[in-house]
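Student: structure here, sequence nowhere to be found:
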DNA sequence: CGGCAAATTGACAGCGCTGTCACACCAAGG
DNA sequence: CCTTGGTGTGACAGCGCTGTCAATTTGCCG
């Protein structure tokens, strides 16, 4: 038979309730008593029964991470970060893929919450950007942490300063002498797509350049959409085409490079290409991709930590800014 | 207050135990009674409390999927498949990244099991190939399903016939006239690496060709190891180098193609390259990669289904063979 | 229609833990 | 000396469900 809390109590010569106190790190246990109990726990290799704890305390020790993200690398990183934090606090994590555009999206989350009763949620883009869900969560008083491209006041989680990141990328292209810079826009459901587009436009404006609608092409973050977008860009009449393409993520940038090969264009000699996110593909194509690196794993960890701190009732928490970096590789060069 | 089983019982005019029977789909409940109960459940939007169920029945309704896999795409697919199956049976899934080569690997799994008490495990390569773990699981009588490159008797799960897949790939290269075919070997901890290497050697032997040790280069499934392996292959003296390279997975194949560019070799004109797994990268590089496609998501689903069927006490189960396909793309051509 | 086995249902205890509250103890203050 | 109030500990009930086993009903047979 397994070791129960009662057994530990007997061994330590205290009541079960006291063992429970030690287990939950509660105040008002004298140091020597705590020592005794901890020693007994260790000696007997006691493992608390999570279901019993949940039932009695009405907590689940579970946090659910929700995603709807085509990029599995990104996801894996986030996941690893959240798991690190969970281990620290003896929480479990559950993962749910969802479709924000599905009609019953909010309802599905609702059911998930009723069924698994997570103590909190970690939301990743683009779920972070779904106002309907956020409102529902607040109504149900479900605590959540966001991982987001920008800061949201009154929310906990982690963010990077995307507008600033885009500004840096555009400044780099401009300083290389590029004047006709195209942008491949991301998936419309992602707030990030808007931030990146807005940053692109603003950077052009600040450099005193005209926006050319022909140089803003829609995509959806997929490799294929990058190819399609590039085909349109590279078919523009001579002199009207771009000398540089800023794709809103790496997959699309890889697609652009692929399409450049198809059109007999050399990267970066004929056209510079840059991406965003620094997923593994950025280093696995030739030429290697100039891109923005964001610390996804770290962000996952921070978001989960913020969440669990809040669950412990440690103050209000906030969104923590995580640092990004611009990775200058071989896909960008001075304008011809 | 939330709706409890007792409330449903009262509404349906039966005892709590009978509601429990309906909930658990047990036999020996008369059809009209079952209807009444189901109606009451639906009307009241009853959601059973998993922790209470776990505590009382000593089941967790949780299955844990264990992995140690550098390829996040593969993982995401498996995960999606397992989740599909879990939804069907109202189980939850938890995911754990592990390191098979870590000293405390088995102990870590042990702790995981003690802590979360999953009703069963889904093992993915290379964890499937760890004899120490499998033995420990049998000792502890923990049910597991394997997702594996080959069939194991007396185990449940899903597999593809890798030896046959390798044979098909080699037959394709041979029929294109290649005689000097190199192999980039996978990570030594993966059983798959051995199967793929063995299949490669056997195919050469059956074609009456000599194995050349210089053409068998070690790798570890990573893009970088593919680059390194290819550099060695492409530095061989004229006439001793390969006309085709069969890499044990797609990432390494992509590395080989990358290195070919570096050496001024054109793929497939100067050298053919093929991979294994058909991960997204296979289509995102140029030229697109000839490779073996395996239905990872399907395999995850099958493994989880086998597991849950076994948990329900439905017979012994078996390893189900899943179909693979050879994807012939632009990275392979007739030998020069 | 009685009698028996099988099918169906219910009473009750208890899974392993924590919330509540009562109690014991001690130091400081009057 | 007795309060007072804070601190540390324990008794006890109960979280929501299921296992066990007994009670009841049903179906079927002669």
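Tutor: Great, that's in hand. Worth saying up front: this structure is predicted, and the values here are computed from it rather than measured.
Student: quick one: is stretch A:133-150 near chain B?
Tutor: No - using C-beta under 8 Å from any C-beta of the partner chain, we find that stretch A:133-150 stays clear of chain B, coming within 12.3 Å at best. C-beta coordinates here come from the backbone N, C-alpha and C atoms, glycine included.
Student: endpoints of that stretch, how far apart?
Tutor: For stretch A:133-150, the first-to-last residue distance is 18 Å (C-alpha to C-alpha, to the nearest Å).
Student: got phi/psi on residue A:283?
Tutor: Torsion angles at residue A:283 (phi, psi; degrees, to the nearest 10) stand at phi -100, psi -10.
Student: my guess is it contacts residue A:289, does it?
Tutor: Yes - taking C-beta atoms under 8 Å as the definition, residue A:283 is a contact partner of residue A:289 at 7.5 Å.
Student: residues shared between the contacts of these two?
Tutor: Taking C-beta atoms under 8 Å, 6 or more residues apart in numbering or on different chains as the contact rule, residue A:283 and residue A:289 both touch residue A:329.
Student: contacts only, for residue A:335.
Tutor: Residue A:335 sits in contact with A:176-179, A:243-244, A:272, where contact means C-beta under 8 Å, 6+ apart.
Student: mind picking the two most distant members of those residues?
Tutor: Across the contacts of residue A:335, no pair lies farther apart than A:179 and A:272, at 11.9 Å, counting by C-beta to C-beta.
Student: any common contacting residues for these two?
Tutor: By the contact definition C-beta under 8 Å, 6+ apart, residue A:179 and residue A:272 are jointly contacted by A:243, A:335.
Student: hmm, back to that, more neighbours: residue A:283 and residue A:289, which one.
Tutor: residue A:289 (29 against 17; other C-beta atoms under 10 Å in any protein chain shown).
Student: tell me the pLDDT of that one.
Tutor: The score at residue A:289 is 97. That number is its pLDDT.
Student: phi, psi of it?
Tutor: phi -90, psi 130.
Student: got the contact list for it?
Tutor: With the criterion set at C-beta under 8 Å, 6+ apart, residue A:289 makes contact with A:250, A:253-254, A:257, A:273-275, A:281-283, A:327, A:329, A:331.
Student: could you list which of these also contact chain B?
Tutor: Among the contacts of residue A:289, the residues within reach of chain B (C-beta under 8 Å from any C-beta) are A:254, A:281, A:283.
Student: ok, the residue in the stretch 51-200 of chain A that DNA strand D sits nearest to to residue A:17 distance?
Tutor: Going by C-beta to the nearest atom of the strand, DNA strand D is nearest to residue A:56 of the stretch 51-200 of chain A, at 3.6 Å. According to C-beta to C-beta, to the nearest Å, residue A:56 and residue A:17 sit 12 Å apart.
Student: next one: residue A:178
Tutor: 70 Å.
Student: and these two? Which one has more around it.
Tutor: residue A:178 (25 against 9).
Student: just the pLDDT for that one.
Tutor: 97.
Student: do the same with residue A:1
Tutor: In this prediction residue A:1 is given a pLDDT of 66.
Student: likewise residue A:318?
Tutor: Predicted confidence (pLDDT) for residue A:318: 91.
Student: and the stretch 201-336 of chain A, which of its residues are near chain B?
Tutor: When proximity is defined by C-beta under 8 Å from any C-beta, the stretch 201-336 of chain A lies next to chain B at A:223, A:251, A:254-255, A:258, A:261-262, A:280-281, A:283-286.
Student: TSV for the residues you listed, including pLDDT, distance to residue B:29 and secondary structure?
Tutor: Output for those, formatted as TSV (pLDDT from 0 to 100; distance: C-beta to C-beta, whole Å; DSSP: H, G, I helix; E, B strand; the rest coil):
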residue	pLDDT	distance to residue B:29	secondary structure
A:223	88	53	helix
A:251	91	52	helix
A:254	93	57	helix
A:255	94	57	helix
A:258	88	60	helix
A:261	85	66	helix
A:262	83	64	helix
A:280	83	53	coil
A:281	85	55	helix
A:283	88	60	helix
A:284	81	57	helix
A:285	84	60	coil
A:286	82	65	coil
